[in-house]
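Peer 1: Need a 3D model of the sequence below.
(chains A and B)
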Amino acid sequence: MLKIYFELNGEPMYVEIKPGEMLLDLLRRLGMKSVKEGCRTGECGACTVLLDGKPVRSCLTFAAKIKGHRVTTLEGLGSPANPHPLQEAFLETGAVQCGFCTPGMILVAYDLLSRNPDPTPEEVREAITGNLCRCTGYVKIVEAVLLAAKRRREGVWR
Amino acid sequence: MKVVGKNVRKVDGIALVTGQPVFTLDVTPPGAVVGKILRSPHAHAEIVRIDTSKAEELPGVLCILHHGNVPRTPYTTAGQGWPEPSPYDSFLFDRKVRFVGDRVAAVAATSEEIADEALRLIEVEYRQLPAVLVPEEAIGPGAPVIHDEEESRGIHDPQHNVAAAIDIRVGDIERGFTESDVVVETTCEFPYVQHVPLESHCVVAYLDEEDRLVIRSATQVPFHVRRIVARALGVPLSRIRVIKPRIGGGFGTKQEIILEDVAAALALRTRRPVVMKYSRAEEFVAARTRHPMKIRIKLGAKRDGTIHAIEMDVLSNTGAYGTHSLTVLSNVGSKTLPLYNKAPHLWFHGKAVYTNLPVAGAYRGYGATQGYFALEVAVDELAEKLGMDPLKLRLANHIRAGETSPIFEKIGEGRAGKAQVVKSCALEECIREGAKRIGWKEKHGKKTSEGRWVHGVGMALSMQGSGITDIDMAAATIVMNEDGSFRLLVGATDLGTGSDTILAQIAAETLGVAVEAISVYSSDTDFTPFDTGAYASSTTYVSGGAVLRAAQEARRRILEVAAAILGEPPESLDLEEGHAVSRGTGKKVPLSEVGHRAMYVTDQRHIIATASFVAPESPPPFAAFFAEVAVDVETGVVRVVKFVAAADCGMPINPALAEGQLEGAIVQGIGHTLYEELLFSPRGRVRNPNLFDYRIPTAADVPDIEVVLIPSDEPTGPYGAKSIGEIGINGPAPAIANAIYDAIGVRLYRIPFTPERVLKALHGKSMG
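Peer 2: Take a look at the predicted model:
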């Protein structure tokens, strides 16, 4: 057992990790159930989290690697009582069907908009291309990200 | 309409966008152990000996199940109504394995690592049997018999590996072709493709404080899970509760009982909560697939373009087990042939055949998808031979409102069907609107080139159904709270489609309240009324029909109480914006007052209403699909530039959700058409059981998609609604095939249209 320190959704964490434990398993063990397992081989993107603000596949990231770093999961973005504008935009446009890919999608979109506040539809598609969705055909997900971008430019962003 | 027809937010949406723990595996009971399955390395073999002693000695191993220590009861894994039209040819564990990946044993252990180690320690001695991987060979002379066990029931012809067969004739097919001026014949092939929901199959099974078995499962059919697990395990149905939480996509693969039975057996044996999930590789190998098919189709038409005779000859590969074999086969004809109802002479025949390959099952489209690929490619060929615009040929032949087809009566759900007149159909408007949006007149037959890329356009039509006539039944209960809010209890199963939301909309509209006043509880066999489940495009129409009737009854009871308060007859009252309002005097009373009075004050009663609805018929939704493709003539790469779908789903209850169903189905269909296919080794092993080698569409692959809903008013549907869940997947394969032909003058008959196949066809070689 190895004890590590890291920051989870803005809170300091000091936890024991198992040898070889993946970040996906650690985060779910810590109650971050928005982090989804879709394939465990890095192909679907459902387990995406932000590591120091950058999207990573938590199923391919060793938990030991986050020592001293900042991890953000969807729980860190908003809550049912206080959803993030991106979460609102996904709801409003009908971008959520089953919702299993949604956490990863929203985090990747969050990263995109923090780098590129005014993306084209093609840039949105490019950004989410590593995140698979089998329900929506991506049409309304792209709409959601563009709507959130517009609101962000208009200043409706925490 | 205040609520119906509006894009209200999904009632489960806020939980989903904020990542609340709402999926099956997000909540596990304390003390849960892990269940894992040992799978067959052989395509066809007898288990001669199985020795679990070494595995049992491993600390942390609690239980190992195999054919030697479980009941041997034949059942079907198909989650269909009872009695199931699928053969009872499966066992919890069997002495024989029938495909690479078939169940051999299951382990419950205190950790995943221990469970994996235990699987390695189980010694199995197999006697390999000859395997058959090709449907034509499976029904040929000397083929090994895949289901030679005595206990199975309902197999059409086990000695010849025929799980199911169908032979339906209307008119005189020979005469039909003789009388035709033009005849085309073509054979289309649909390979092994998969649903690939992002959440694989998963389940938690445990005994509650009263020792009842609770199964929390990612299923589309909670009530069928309860009934089938009861049969397979010999447990009284009354001792089982099935709960469906949010589920991460299904598309038909979760209409199967493939994990609940094992998890339940392990939980009963160990008396510990058991968690099981398919790995992505297991999902590809041992979940379900679409039925691969070869469909030979022959069309005859008069010189004026009237289709006069249609023959469809189907060879369906059901894999190692016959789940949905008969009904998917039936649907190839029953969902396609009525579309061209002018033809008086029809012959629909085919077989569903066992092979030693993965098991096919229900998949969105359910046979119609395969059927429309063949039919709509053939119609395109017919148009060419007639020298007609394929759009005009379709307009001249498709079914209209007020018309019928003999097929409705001839083919039902594994039995005869029921006569039906189409009461709503906006297909003609769909065709005209779609044609306008793709630019059919300007583009069809006038291919254009940009360097190596040659553009063409193609189209296809489709219809589906809305539930299964006289079989699908749903019930709903509306419970009024004293503050004027309601609980809506439905057995209906929202698998991400948004059905909880549209059912709440139907209730809210009827009760004159906002959607926020309705709390939806769905899919818990202990607490919600029965529903056959989410399949056959049934939820909006059948479950919606039940909700409408329950809400109407609740409304009647509310008005009785309101009438007493207002001193007016109930017939003069309406429910609007949370009030009972008199049409005559304008006097009104809030529902909270009605609720308090009914519950606490005078002539007390709880306002509760339950209603059932059985599909009296299956009104078809209709759609016209148009694809513009660009083909790279040097590499054979096909790119879909634009895809248009115009669909008639009756009056959409929630247009955004309906559009989402179409968009998602279209992109799944494009995936099958251009790159998805399970590949097999010569020994029957899946060669690409991962998302890298079995590619599904990414956001970058998706073309410009335009969907448009053309409303019609279905008199038998709730607020005029029909279904929309499946139809979208039927269009891409034929529309893209026809567009490729328009571009490069080469017909492709086997999906996926990989660059290799396109190039080969371009170079005039025979197709692989």
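
Peer 1: tell me which element the one residue sitting closest to the centre of chain A falls in.
Peer 2: The centre of chain A sits closest to A:Leu107, judged by Cα atoms, centre = their mean, with a distance of 2.9 Å. Element membership of A:Leu107 [criterion: DSSP states H and E] is helix A:102-115.

Peer 1: ok, then the element right after that helix?
Peer 2: Per DSSP H and E, helix A:102-115 leads on to helix A:121-127 as the next helix or strand towards the C-terminus.

Peer 1: Give me the distance from that next one to the chain's centre.
Peer 2: On the basis of Cα atoms, centre = their mean, to the nearest Å, helix A:121-127 is displaced by 16 Å from the centre of the chain it belongs to.

Peer 1: Show me what counts as buried in stretch B:145-155.
Peer 2: Within stretch B:145-155, the residues that qualify as buried by neighbour count (16 or more other Cβ atoms under 10 Å in any protein chain shown) are B:146-147, B:149, B:152, B:154-155. Using the backbone N, CA and C atoms, a C-beta is placed for each residue, glycine as well.

Peer 1: Show residues contacting it.
Peer 2: With contacts defined as Cβ atoms under 8 Å, 6 or more residues apart in numbering or on different chains, stretch B:145-155 is touched by B:44, B:72-74, B:76, B:86-89, B:91, B:94, B:96, B:98, B:132, B:138, B:158-159, B:161-163, B:320, B:322, B:354-356.

Peer 1: Mind giving me the PyMOL command for buried ones among those?
Peer 2: Buried members of the contacts of stretch B:145-155, defined by 16+ other Cβ under 10 Å, are picked up in PyMOL with:
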select buried, chain B and resi 44+74+76+86+87+88+89+91+94+96+98+132+138+158+161+162+163+320+322+354+355+356
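
Peer 1: Need the three-state assignment for B:Ala105.
Peer 2: Classification of B:Ala105 by DSSP: H, G, I helix; E, B strand; the rest coil places it in strand.

Peer 1: Run a quick neighbour tally on it.
Peer 2: Each residue near B:Ala105 was counted by other Cβ atoms under 10 Å in any protein chain shown, and the total is 25.

Peer 1: do you know how far A:Val124 is from chain B?
Peer 2: The spacing between A:Val124 and chain B, counted by Cβ to the nearest Cβ, to the nearest Å, is 8 Å.

Peer 1: give me phi/psi at B:Ile166?
Peer 2: When quoted as degrees, to the nearest 10, the phi and psi of B:Ile166 stand at phi -150, psi 150.

Peer 1: per-residue confidence at the residue lying closest to B:Ile295 once chain neighbours are set aside?
Peer 2: The shortest distance from B:Ile295 to any non-neighbouring residue, by Cβ to Cβ, 6 or more residues apart in numbering or on different chains, is to B:Ala374 (3.9 Å). Looking at B:Ala374, its pLDDT stands at 98.

Peer 1: Pull up the gap between B:Ala374 and chain A, please.
Peer 2: When Cβ to the nearest Cβ is the yardstick, B:Ala374 and chain A sit 24 Å from each other.

Peer 1: centre of the chain versus the helix or strand harbouring that residue, how much separation?
Peer 2: Assessed by DSSP H and E, B:Ala374 sits inside helix B:368-386. Going by Cα atoms, centre = their mean, the spacing between the C-alpha centre of helix B:368-386 and its chain's C-alpha centre is 23 Å.

Peer 1: Wait, B:Pro245 touches B:Pro222, no?
Peer 2: No - with contacts counted by Cβ atoms under 8 Å, B:Pro245 stays clear of B:Pro222, the gap being 10.4 Å.

Peer 1: So if I had to pick from those two, which one is more boxed in?
Peer 2: Counting neighbours by other Cβ under 10 Å for B:Pro245 and for B:Pro222 shows that B:Pro222 has the greater number, 29 against 19.

Peer 1: Would you mind splitting chain B into its domains for me?
Peer 2: Dividing chain B into domains by automatic domain parsing, as the record does, gives the ranges B:17-129+B:201-277, B:293-468+B:617-762, B:472-614.

Peer 1: May I see those arranged in TSV, with distance to A:Thr136 as well?
Peer 2: Compiled in TSV, these are given as follows (distance: least, Cβ to Cβ, whole Å):
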stretch	distance to A:Thr136
domain B:17-129+B:201-277	10
domain B:293-468+B:617-762	5
domain B:472-614	9
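
Peer 1: before we move on, the earlier item: which ones among the buried residues of stretch B:145-155 lie within strands?
Peer 2: Per DSSP state E, strands hold no members of the buried residues of stretch B:145-155.

Peer 1: Which two of those residues have the greatest separation?
Peer 2: Using Cβ to Cβ, the two most remote members of these are B:Ile146 and B:Gly154, lying 14.9 Å apart.

Peer 1: Chain A contacts on the stretch 451-600 of chain B?
Peer 2: B:495-498 (Cβ under 8 Å from any Cβ of the partner chain).

Peer 1: any idea how far B:Leu357 is from the closest residue in space to B:Phe93 that isn't next to it in sequence?
Peer 2: Of all residues not flanking B:Phe93 in the chain, B:His67 sits nearest, at 4.3 Å (Cβ to Cβ, 6+ apart). Counting by Cβ to Cβ, to the nearest Å, the gap from B:His67 to B:Leu357 is 22 Å.

Peer 1: more neighbours, these two?
Peer 2: Counted by other Cβ under 10 Å, B:His67 and B:Leu357 do not tie: B:Leu357 has more neighbours, with 29 against 17.

Peer 1: List the residues that contact the more buried one.
Peer 2: Under the criterion of Cβ under 8 Å, 6+ apart, the neighbours of B:Leu357 are B:43, B:99, B:133, B:192, B:317, B:319-320, B:680, B:684.

Peer 1: Same question for B:Glu593.
Peer 2: B:Ile565.

Peer 1: Of all the residues in the strand or helix carrying it, which ones are buried?
Peer 2: When secondary structure is defined by DSSP H and E, B:Glu593 falls within helix B:591-596. Within helix B:591-596, the residues that qualify as buried by neighbour count (16+ other Cβ under 10 Å) are B:591, B:593-595.

Peer 1: Using JSON lines, lay out the residues you listed together with pLDDT.
Peer 2: Compiled in JSON lines, those are given as follows (pLDDT from 0 to 100):
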{"residue": "B:Leu591", "pLDDT": "98"}
{"residue": "B:Glu593", "pLDDT": "98"}
{"residue": "B:Val594", "pLDDT": "98"}
{"residue": "B:Gly595", "pLDDT": "98"}
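
Peer 1: which of the residues you listed lies closest to B:His444?
Peer 2: Distance to B:His444, by Cβ to Cβ, is smallest for B:Leu591 among the buried residues of helix B:591-596, at 56.2 Å.

Peer 1: Ignoring the adjacent residues along the chain, who's closest to that closest one?
Peer 2: Distance criterion Cβ to Cβ, 6+ apart; nearest residue to B:Leu591, sequence neighbours excluded, is B:Gly484 at 3.0 Å.

Peer 1: Give me the local confidence score for the one you found.
Peer 2: The predicted local distance difference test score for B:Gly484 is 98.

Peer 1: any weak-confidence spans in chain B?
Peer 2: The model of chain B has pLDDT under 70 over residues B:765-768.

Peer 1: And the longest helix seen in it, what does it pack against?
Peer 2: Counting by DSSP state H, the longest helix found in chain B is helix B:544-566. Contacts of helix B:544-566 with other secondary structure elements, assessed using 3 or more Cβ pairs under 8 Å, 6 or more residues apart in numbering or on different chains; DSSP states H and E, are made with strand B:473-480, strand B:486-490, helix B:499-511, strand B:573-576, strand B:579-582, strand B:588-590, helix B:591-596, strand B:608-614.
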